[in-house]
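>>> What follows is a predicted structure for the sequence shown.
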Amino acid sequence: MSSPSTPALETEIFQYIDEHQSDYIELPDGQDLPLPPVILGELAEDPQSPTVCFYGHVDVQPAKKEDGWKTDPYTLTEIDGNLYGRGAIDNKGPVLAWINAVETFKALKLATPVNFKFVIEGMEEAGSLGLEKLLQEEKQCFFSDVDYVVISDSLWLSNKKPALTYGSRGNACFFVEVECGSKDLHSGTFGGIIHEPLMDLIALLDSLVDHTGCIQIPGIYDSVASLTEEERKLYESIEFDLEEHKNNSGVKKFLYGTKEEILLHLWHYPSLSIHGIEGAFHEPGIKTVIPAKVIGKFSIRQVPHMDLSVVKQQVVEHLESVFSKRNSPNKLKVSMPLGAKPWLADVNDPLYKAARRAIKTVFGEDPDFIQDGSTVPVARMFQTIMQKSVIMLPIGAANDGEHSQNEKISRYNYIEGAKMFATFFLEISKLHWHLRENSNTETNT
């Protein structure tokens, strides 16, 4: 099978590149790098039809074959019905499946049931820098007639059962820096007589989470909502194979042993993960150097009702308290370079009902309504700025491995996903006219 090609969206599609080329990002070395353009496109045939805006991104996480890939990560390759390649599911595959669905109506010379607008960016993996500014600037222009926003940048909870995502956790990323001097030192000459930065840093990182996964920062759970009976029952009804999830992760044991506990700690509670230490010499072999400065990197996935500014204050106060008890003369600096808020939608919104019917039509079963333990900042961004209904409509299976080695999308999911998108267009059209008729009836009454 050849790689799915990007279809032309015909001459009717108006594509233009964002003109704001004065936007830059400052690199660690101080260099200013222009942000890549955002591509906006539209296909509008009927001013009386609803307009659906689809968001996607084409940037990807870094990948090298020597990292453990079976194939060249930048050459889409089919093996046993799976399409392997970086971006296959995150997010090039879903973007192409959506475009394929639009193209189908044109190829069959059918009127498109809805009007389309596209937002395709290249900075999502770096926090969608510049996108919020663009949305604000174009809110009353390009996006003025948008009725619904669709994002397909998440996964099912299962390898086989479809799902609709109605929420995602936020993410607060932290750097904790400890510095003792202006240069690295020899451990034979200075070891045992100085306060080593790496030892301070390890103590700080060790103070963040206990062996059960419980975050040790005072007050961090104060804003977490109490678990309702409705939410607990929702977890009970969701199809979730614990062993399958272990196999997807490649680990032998989770911190928790039941489906409900796992889902609670992925969706309802915040989590803290430590991602690495910069400046600590990652090269293989023995290095007997005391680094002058080290930077620990960790993040907190926060849930609704948690305030980013409060979380930052709690983290800073905790680390400063732990550090002060060490009586270290080293310099401590804590920063939060990236903060994204949680997102939550209403599962009873008509948009979700339309998506549910489309999934039932194509896949033959109702989807699970799930949340995403990871972060999708654009969902909240679109919802806040546009003040329109936003839906997360995934087509990828839980084992597709976004951000991991051997990322993939199955041929089945890709094709059936395109069918589901096309059916969704029809359902949106029916929904729109139904709401319009009801509105007219109420007005006449």
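Perfect, I can see it now.
>>> Show me which positions of stretch 143-153 end up buried.
The neighbour-count check on stretch 143-153 (16 or more other CB atoms under 10 Å) flags 143, 146-153 as buried. Every C-beta, even on glycine, is put in place using the N, C-alpha and C of the backbone.
>>> Take the residues you listed and keep only those in helices.
Using DSSP state H to define helices, no part of the buried residues of stretch 143-153 is located there.
>>> Between the residues you listed, which sits nearest N248?
D153 (18.3 Å; CB to CB).
>>> residues near the nearest residue to the closest one once chain neighbours are set aside, how many?
Of all residues not flanking D153 in the chain, N91 sits nearest, at 5.0 Å (CB to CB, 6 or more residues apart in numbering). The number of residues packed near N91 is 25, by other CB atoms under 10 Å.
>>> these two touch, right, N91 and G56?
Yes - counting by CB atoms under 8 Å, N91 does reach G56; the two are 5.3 Å apart.
>>> How many residues are close by K259?
When neighbours are counted by other CB under 10 Å, K259 registers 16.
>>> what about it, distance to G213?
17 Å (CB to CB, to the nearest Å).
>>> same question, S128
Applying CB to CB, the value for S128 to G213 is 29 Å.
>>> which ones are touching the residue nearest to D153?
Residues counted as contacts of N91 (CB atoms under 8 Å, 6 or more residues apart in numbering) are 56-58, 124, 152-153.
>>> which of the residues in the longest helix along the chain are buried?
Taking DSSP H as the criterion, the chain has its longest helix at helix 411-444. Going by neighbour count (16+ other CB under 10 Å), the buried part of helix 411-444 is 413-414, 416-429, 431-432.
>>> and the two most separated of the buried residues of stretch 143-153?
The distance between the two most remote of these (CB to CB) is 20.1 Å, for D147 and D153.
>>> For the closest residue to V376 other than its chain neighbours, give me its contacts.
Setting aside the residues directly before and after it, V376 is nearest to S168 in space (CB to CB, 6+ apart), at 4.7 Å. Residues counted as contacts of S168 (CB under 8 Å, 6+ apart) are 154, 342-343, 371-376, 379, 392.
>>> Nearest to E244 among those residues?
Nearest to E244 among these is G373, at 16.0 Å by CB to CB.
>>> ok, now which ones touch that closest one?
With contact set as CB under 8 Å, 6+ apart, G373 has these partners: 168-169, 266-267, 271, 301.
>>> Equivalent analysis for A280, please.
When contacts are counted by CB under 8 Å, 6+ apart, A280 is found next to 198, 291, 294.
>>> returning to what we had before: just the buried subset of the contacts of S168, please.
By neighbour count, with 16+ other CB under 10 Å, the contacts of S168 hold 154, 342-343, 371-373, 375-376, 379, 392 as buried.
>>> now, which of the residues you listed sits nearest E278?
Of the buried ones among the contacts of S168, the one sitting nearest to E278 (CB to CB) turns out to be T375, at 21.7 Å.
>>> Which secondary structure state does the closest one sit in?
Assigned state for T375: coil (three-state reduction, DSSP: H, G, I helix; E, B strand; the rest coil).
>>> So for it, what's the nearest residue that isn't a sequence neighbour?
Spatial nearest neighbour of T375, chain neighbours left out: N171 (3.9 Å); criterion: CB to CB, 6+ apart.
>>> do D32 as well
The shortest distance from D32 to any non-neighbouring residue, by CB to CB, 6+ apart, is to Y24 (4.3 Å).
>>> Same question for E177.
Once flanking residues are discounted, E177 sits nearest to K333: 4.3 Å by CB to CB, 6+ apart.
>>> what does the host helix or strand of that neighbour rub up against?
Assigned by DSSP states H and E, K333 belongs to strand 331-340. With CB under 8 Å, 6+ apart as the test, strand 331-340 has contacts from 127, 170-180, 200, 308, 312, 315-316, 319-320, 323, 375, 377, 380.
>>> hmm, try it at 7 Å
127, 170-179, 308, 312, 315-316, 319-320, 323, 375, 377 (CB atoms under 7 Å, 6 or more residues apart in numbering).
>>> So S128 and G213 - more neighbours on which side?
When neighbours are counted by other CB under 10 Å, S128 and G213 differ, and S128 comes out ahead with 22 against 14.
>>> and that one, helix, strand or coil?
From three-state DSSP, the assignment for S128 is coil.
>>> Which helix or which strand is home to G181?
Short version, using DSSP H and E: G181 is in no helix or strand.
>>> swap in F298?
strand 293-301.
>>> For V58, give me its contacts.
By CB under 7 Å, 6+ apart, V58 lies in contact with 92, 95, 120, 122.
>>> how about 8 Å then?
87, 91-92, 95, 120-122 are the contacts of V58 under CB under 8 Å, 6+ apart.
>>> could I get these as JSON lines with pLDDT?
As requested, the contacts of V58 are exported to JSON lines (pLDDT from 0 to 100):
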{"residue": "G87", "pLDDT": "97"}
{"residue": "N91", "pLDDT": "96"}
{"residue": "K92", "pLDDT": "97"}
{"residue": "V95", "pLDDT": "97"}
{"residue": "I120", "pLDDT": "97"}
{"residue": "E121", "pLDDT": "96"}
{"residue": "G122", "pLDDT": "95"}
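>>> I'd like those residues laid out as JSON lines, including secondary structure.
Formatted as JSON lines, the contacts of V58 follow (three-state DSSP):
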{"residue": "G87", "secondary structure": "coil"}
{"residue": "N91", "secondary structure": "coil"}
{"residue": "K92", "secondary structure": "helix"}
{"residue": "V95", "secondary structure": "helix"}
{"residue": "I120", "secondary structure": "strand"}
{"residue": "E121", "secondary structure": "strand"}
{"residue": "G122", "secondary structure": "coil"}
